[in-house]
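Colleague: with the input below, show me the fold.
(one chain, ligands or ions: 3)
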Amino acid sequence: MLYGSRRRDRFECSEVIDVSCRPLPVNTLHQDGTGRFPVTRLFVMEDWSDCLDVAVQIARRAGQVVQSAVKQEKQVSSKSTPTDLVTEADHQVEELIISTLRDKYPSHRFIGEESSAAGVKCELTDAPTWIIDPIDGTCNFVHRYRNHHILCLNHRVNMFLSSQHTILHFQFPHGGGEHRICCKERDVSKALILTEIGAKRDPATLDIFLGNMKKLLSAPTHGVRIIGSSTLALCHIASGAAEAYYQYGLHCWDIAAAAVIIREAGGCVMDTTGGPLDLMSRRVVAAGTREIADYVVKQLQPINYGRDDTDPDGLA
Ligand SMILES: O=P(O)(O)OC(CO)CO
Ligand SMILES: [Mg+2]
Ligand SMILES: [Mg+2]
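Modeller: Ligands and ions are numbered 1, 2, ... in the order given. Sure, this is the predicted structure:
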């Protein structure tokens, strides 16, 4: 996923296409029945239009790497915990994205999941910065459970791109997207809520995690789902396929692009305290409506995962 933001630029939804030109599954990211996102106008600031072309090309190449790797035997290692998995494909895709973009845009900066795991400081400045999750849903990828995406965001260019089964270009007017596609449900008893587990599995953390889920299930809501890809789940909020998402323990590369997509689709993204989202905080609540988001915020007991920018091992 490649995304960038220039705050006052207009940007509008262009299209959702499938890498192999197959129709997208209904409800994967949008539901117009054709597998196509309603195409409107494409507007890219001249400065950054080149970035979009490059992003599309890289995403296609990275998507091919992942699609070919998914069928093969994988070398699986763990990072911060035994459940925090990484494969050769994660490294290969991140290297492909960073090396290509660095050649093309020497002044741009990078925050990458696997580079951070290797000790590169996770530092977000005002410089154009690409935030990269080479495979989101690595555990799914390892098990061939097909919910995984390549995610990369450019912090200063209005574009976002995801590649695995899909390539997405979303370009919206900041703060005023015309495509209000998030669910507008305000009644939590009619909500489907998504979450992810996080890498910590000690008994105290799991008690809090299960307690939070129990509260939301007993609201009652229609249900709680865990699909194994934070960003895909967040994109489901943008698409209107679910009403809310919350998580402790995700990273800036899981949230960054999806947060913009949700906002521009008319939804809200915030901190688990109800305050503004802090990209480095490793926690998030997102929803189609403020009412549902506020309800979720009130139910949650926090889990401390530290911060991406100050706790590189991620287990503070
Ligand atoms: O598979 P990844 O990139 O580790 O991401 C996990 C959450 O951090 C699933 O979204
Ligand atoms: Mg991820
Ligand atoms: Mg990843």
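
Colleague: ok, is stretch 62-70 in contact with ligand 3 or not?
Modeller: No - interface with ligand 3: stretch 62-70 contributes nothing (Cβ under 5 Å from the ion), its closest point being 10.9 Å away. Glycine gets a C-beta too; all of them are placed from N, C-alpha and C.

Colleague: ligand 2 contacts on the stretch 51-200 of the chain?
Modeller: Where the stretch 51-200 of the chain comes near ligand 2, counting by Cβ under 5 Å from the ion, the residues are 133, 136.

Colleague: what's the local residue count around the residue of the stretch 51-200 of the chain found nearest ligand 2?
Modeller: Checking the stretch 51-200 of the chain residue by residue against ligand 2 with Cβ to the ion singles out residue 136 as nearest, at 3.6 Å. For residue 136, the neighbour count with other Cβ atoms under 10 Å is 31.

Colleague: same check, this time on residue 204
Modeller: Using other Cβ under 10 Å, the number of residues around residue 204 comes to 9.

Colleague: so how far is ligand 3 from residue 89?
Modeller: Counting by Cβ to the ion, to the nearest Å, the gap from residue 89 to ligand 3 is 10 Å.

Colleague: neighbours around the closest residue in space to that residue that isn't next to it in sequence, how many?
Modeller: Distances taken as Cβ to Cβ, 6 or more residues apart in numbering put residue 69 closest to residue 89, at 4.0 Å, once the chain neighbours are dropped. Applying the criterion other Cβ under 10 Å, we find 18 residues in the vicinity of residue 69.

Colleague: same check on residue 65?
Modeller: Around residue 65 sit 17 other residues, with neighbours defined as other Cβ under 10 Å.

Colleague: helix, strand, or coil at it?
Modeller: Of the three states, residue 65 takes helix under DSSP: H, G, I helix; E, B strand; the rest coil.

Colleague: tell me who's in contact with it.
Modeller: Residue 65 sits next to 89, 92-93, 96 when contact means Cβ atoms under 8 Å, 6 or more residues apart in numbering.

Colleague: how about the contacts made by residue 69?
Modeller: With Cβ under 8 Å, 6+ apart as the criterion, the residues that contact residue 69 are 87-89, 92, 141.

Colleague: confidence score at it?
Modeller: pLDDT, the model's per-residue confidence, is 90 for residue 69.

Colleague: returning to that earlier point: out of the contacts of residue 65, grab the one that's most surrounded.
Modeller: Neighbour counts for the contacts of residue 65 (other Cβ under 10 Å) peak at residue 93, which has 30 neighbours.

Colleague: distance between the helix or strand harbouring that one and the chain's centre?
Modeller: Secondary structure assigned from DSSP states H and E places residue 93 in helix 88-104. Here helix 88-104 is found 18 Å from its chain centre; the criterion is Cα atoms, centre = their mean, to the nearest Å.

Colleague: can I get the contacts of residue 69 in a markdown table including pLDDT?
Modeller: As requested, the contacts of residue 69 are arranged in a markdown table below (pLDDT from 0 to 100):
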| residue | pLDDT |
| --- | --- |
| 87 | 96 |
| 88 | 96 |
| 89 | 94 |
| 92 | 95 |
| 141 | 91 |
